[in-house]
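Visitor: Sharing a model that was predicted from the sequence below.
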Amino acid sequence: MRVEFDQWMTGSAAAADAERILSSCVHCGICTSVCPTYDVLDHELDSPRGRIYLIRDMLQGAPVSERTRDHLDRCLGCRACEPACPSGVEYGQLIDIGRQQVELRVPRTAFDRSRRALLRRALKAAACWGRPCGWGGPCADGCRRGCARRSRCVRRRPRPGRRPGMHAAS
Ligand code: SF4
Ligand code: SF4
């Protein structure tokens, strides 16, 4: 895939990685067969290949809109497309670059930002509750705040024989 970045992207630290990844895609579409969002939505722009096109166009200076951002948002980040790709396209790294750029070019509203922050926090807390962290799992800082066992967390007060980030035994 031939890539000619727009001026604002040429100076970016991610430009070299983006160019390498974009150049390795041969548009074969094999990746679409394993993508869950393409499977459900049946839309090319909700497939890895379609998102690669969107990211390439955006980095080359094409206009971007909330619709572009929506297509990138819908990617689950599962990376099922990576092992399926015969050209070894590092899609996971590319979608990170694409998301970073689309956030800059199509900023979210304050309401959308708060809604996403709340959701992120709820998911972290849910992930913590779903895991028996009191019995040996690591405790991430984000989920610690929403954790029902927070008062017993020894993350900031590790005692001898205990790893930081674990709850005290009940
Ligand atoms: S990412 Fe890989 S599998 Fe998908 S269209 Fe490009 S080369 Fe083909
Ligand atoms: S990482 Fe995104 S594009 Fe790749 S298979 Fe998963 S949902 Fe589809």
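Guide: Alright, I've got the coordinates. Numbers count the residues shown, from 1 in each chain. Ligands and ions are numbered 1, 2, ... in the order given.
Visitor: how about the strands in this protein?
Guide: Per DSSP state E, the chain carries no strands over any range.
Visitor: Please name the nearest non-neighbouring residue to Asp6.
Guide: Excluding the flanking residues, the one nearest Asp6 by C-beta to C-beta, 6 or more residues apart in numbering is Gly61, at 3.2 Å. To be clear about C-beta, it is placed using only N, CA and C from the backbone, and glycine gets the same treatment.
Visitor: Same check on Ala84?
Guide: Take Ala84 and drop its neighbours on the chain: the residue closest to it by C-beta to C-beta, 6+ apart is Val34, 4.5 Å away.
Visitor: got a pLDDT number for the one you found?
Guide: Each residue has a pLDDT score; the one for Val34 is 97.
Visitor: What is the neighbour count of it?
Guide: Around Val34 there are 17 other residues, counting by other C-beta atoms under 10 Å.
Visitor: quick revisit: which ones are touching the residue nearest to Asp6?
Guide: Neighbouring residues of Gly61 by C-beta atoms under 8 Å, 6 or more residues apart in numbering: Phe5, Asp6, Gln7, Trp8, Met9.
Visitor: And for the closest residue to His43 other than its chain neighbours, the neighbour number?
Guide: Excluding the flanking residues, the one nearest His43 by C-beta to C-beta, 6+ apart is Gly50, at 7.3 Å. For Gly50, the count of nearby residues is 18 (other C-beta under 10 Å).
Visitor: what's the answer for Pro63, then?
Guide: 9.
Visitor: pLDDT value on Met9, please?
Guide: pLDDT, read off for Met9, is 72.
Visitor: Any regions of the chain where pLDDT drops low?
Guide: 1-2, 8, 10, 125-170 (pLDDT under 70).
Visitor: Please list the residues of it that sit near ligand 2.
Guide: Contact residues, the chain versus ligand 2 (C-beta under 6 Å from any ligand atom): 34-37, 48, 51, 75-81, 91.
Visitor: Give me the buried entries from these.
Guide: Val34, Cys35, Thr37, Pro48, Arg51, Cys75, Cys81, Tyr91 (16 or more other C-beta atoms under 10 Å).
Visitor: could you pick out which of the residues you listed are near ligand 1?
Guide: Among these, ligand 1 is touched by Pro48 when using C-beta under 6 Å from any ligand atom.
Visitor: farthest pair in the buried ones among the residues of the chain next to ligand 2?
Guide: Val34 and Arg51 (13.9 Å; C-beta to C-beta).
Visitor: Roughly how far does Cys78 sit from Asp57?
Guide: Look at Cys78 and Asp57: by C-beta to C-beta, to the nearest Å, they are 23 Å apart.
Visitor: likewise Gly92?
Guide: In terms of C-beta to C-beta, Gly92 sits 20 Å off from Asp57.
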